[in-house]
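A.B. asks: Fold the following and give me the result.
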Amino acid sequence: MPANRAVVYDGPGKVEVRDIDYPTYELKDGPGVNKLNVGRKVPHGAILKTVATNICGSDQHMVRGRTTAPEGLVLGHEITGEVVDVGPGVEFIKVGDVCSVPFNIACGRCRNCKEGKTGICLNVNPDRPGSAYGYVDMGGWVGGQAEYVLVPYADWNLLRFPDRDQAIEKALDLAMLADIFPTGYHGCVSAGVTTGSTVYVAGAGPVGLAAATSAWLLGASVVIVGDLNEERLAQARSFGCETVNVAQGDPIEQIHRILGNDAPAIGEPLVDAAVDAVGFEARGHGAEAEVERPATVLNSLMEVTRAGGAIGIPGLYVTGDPGGVDENAKVGSLSLRLGLGWAKSHSFVTGQCPVMKYNRNLMMAILHDRVQIAKNVNAVAIPLDQAPQGYQDFDQGAAKKYVIDPHGMTRK
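C.D. replies: From the prediction side, this is the model:
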């Protein structure tokens, strides 16, 4: 068997590259593995040689010590790879296929999977509905920031690219299909973005930029992106977005000016749709820009969204946050102005994106040059050994999407 190295969480603020076991068709005990999953046979799985595996903002929550993730957890849930072996139960996926791996692990057999709700599969995680590679409380499936990774239920989960050479050529774009592009798109679809919509996206990290890209793809007339980081806001402007710097104050007046209604009448709509691409580590606005205020984004989106509008919430919220600002925040209880959302008849959609609902169509948009998602999120490929530095730079606000390339396949 080939050697296998991976990015491992080594406690708050620390990741390192370590040797790990080469994948087998059995889930073994280890950090984060639910005891009920130990020994689970995976004849329906495939082993992939990793082509690209991205650092995600969700990974950063764990690395900052803001979840209950155990030390030693192999990280990584955004995976693109080449199939090098298949289990005896795999019928359609073949060795040599280059595929995108949805970050949701789904069985394809349970009620939720059959209804297209692959983000909350009932059969892969004894802790709760829904699972993912290399993530806290997600069943213990080994992460994909590694040279090789096991994908269960391969015939169901893997999205095969139609042409290997084209897939390698467009690997940086296609790498976004595992999570952030469908997640941003889901946020916009959940918010009702359509032809002519005015859209506000809170957060200019990679998911926010993917949401802004998705809003244009869906036909929005105006896309406004808010953030505290001027470098990330500049990245949003690079593909046509308007921006607001929430460090300068409440975004409402800035949005008014962009939309040309400096002094709106009472009840006059602001934006048609809004997307929360920030999540539970949100900061305040204006003078409180350096203070953590976990409910700030959700409350502000209710203010800036028109009555009858909708809010998509792909930003991550957790049930356990050891670093929460108060006892309520530590269990995911936030001070939301739900009465305001109720009064304005807002719709809210939360939870993991069901990646399989969108990934094939977004793949086609990439392959036919309808969208340049890697350019818009400023994707940068790095070797596996540089992953710890990539985590550090990303945590400090770099306006980049770091793509780990363990085998040099995207950097040629």
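
A.B. asks: Report the contact partners of the most centrally placed residue in the chain.
C.D. replies: Centroid check for the chain by Cα atoms, centre = their mean gives I180 as the closest residue, at 4.2 Å. Contact analysis of I180 by Cβ atoms under 8 Å, 6 or more residues apart in numbering lists N54, C56, E78, P206, V207, A210, V377, K401. All C-beta spots, glycine's among them, are computed from the backbone N, C-alpha and C.

A.B. asks: Just name the closest of the residues you listed to V278, please.
C.D. replies: Within those, proximity to V278 (Cβ to Cβ) peaks at V207, which comes in at 8.9 Å.

A.B. asks: quick one: what helix or strand has that closest one in it?
C.D. replies: Using DSSP states H and E, V207 maps to helix 206-217.

A.B. asks: Quick check: which helices or strands does that helix pack against?
C.D. replies: If you count contacts as 3 or more Cβ pairs under 8 Å, 6 or more residues apart in numbering; DSSP states H and E, helix 206-217 packs onto helix 180-190, strand 198-202, strand 222-227, helix 230-237, strand 271-276, helix 373-376.

A.B. asks: can you list these in a markdown table and add distance to I311 and mean pLDDT?
C.D. replies: A markdown table is the format used below for those (distance: least, Cβ to Cβ, whole Å; pLDDT from 0 to 100):
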| stretch | distance to I311 | mean pLDDT |
| --- | --- | --- |
| helix 180-190 | 8 | 98 |
| strand 198-202 | 10 | 97 |
| strand 222-227 | 14 | 97 |
| helix 230-237 | 19 | 97 |
| strand 271-276 | 5 | 97 |
| helix 373-376 | 22 | 98 |
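
A.B. asks: Redo those as a markdown table? Include distance to I93.
C.D. replies: What follows is those, written out as a markdown table (distance: least, Cβ to Cβ, whole Å):
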| stretch | distance to I93 |
| --- | --- |
| helix 180-190 | 20 |
| strand 198-202 | 35 |
| strand 222-227 | 37 |
| helix 230-237 | 36 |
| strand 271-276 | 33 |
| helix 373-376 | 24 |
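
A.B. asks: if I've got this straight, T53 is in a strand?
C.D. replies: Yes. Assigned with DSSP: H, G, I helix; E, B strand; the rest coil, T53 falls within a strand.

A.B. asks: number of nearby residues for it?
C.D. replies: Using other Cβ atoms under 10 Å, T53 is surrounded by 34 other residues.

A.B. asks: Can we start the residue count at 312 from this point?
C.D. replies: Shifting the count to begin at 312 puts that one at T364.

A.B. asks: residues in contact with it?
C.D. replies: Contacts for T364 were tallied using Cβ under 8 Å, 6+ apart; they are G387, E389, I390, T391, G455, Q456, A457, V460, A486, V714, I715, P717.

A.B. asks: Let me know the closest of these to D632.
C.D. replies: G387 (21.3 Å).

A.B. asks: Give me the spatial nearest neighbour of the closest one, chain neighbours excluded.
C.D. replies: Leaving aside its sequence neighbours, G387 sits nearest to Q456 (Cβ to Cβ, 6 or more residues apart in numbering; 3.0 Å).

A.B. asks: What does the pLDDT read for R471?
C.D. replies: At R471, the model reports a pLDDT of 98.
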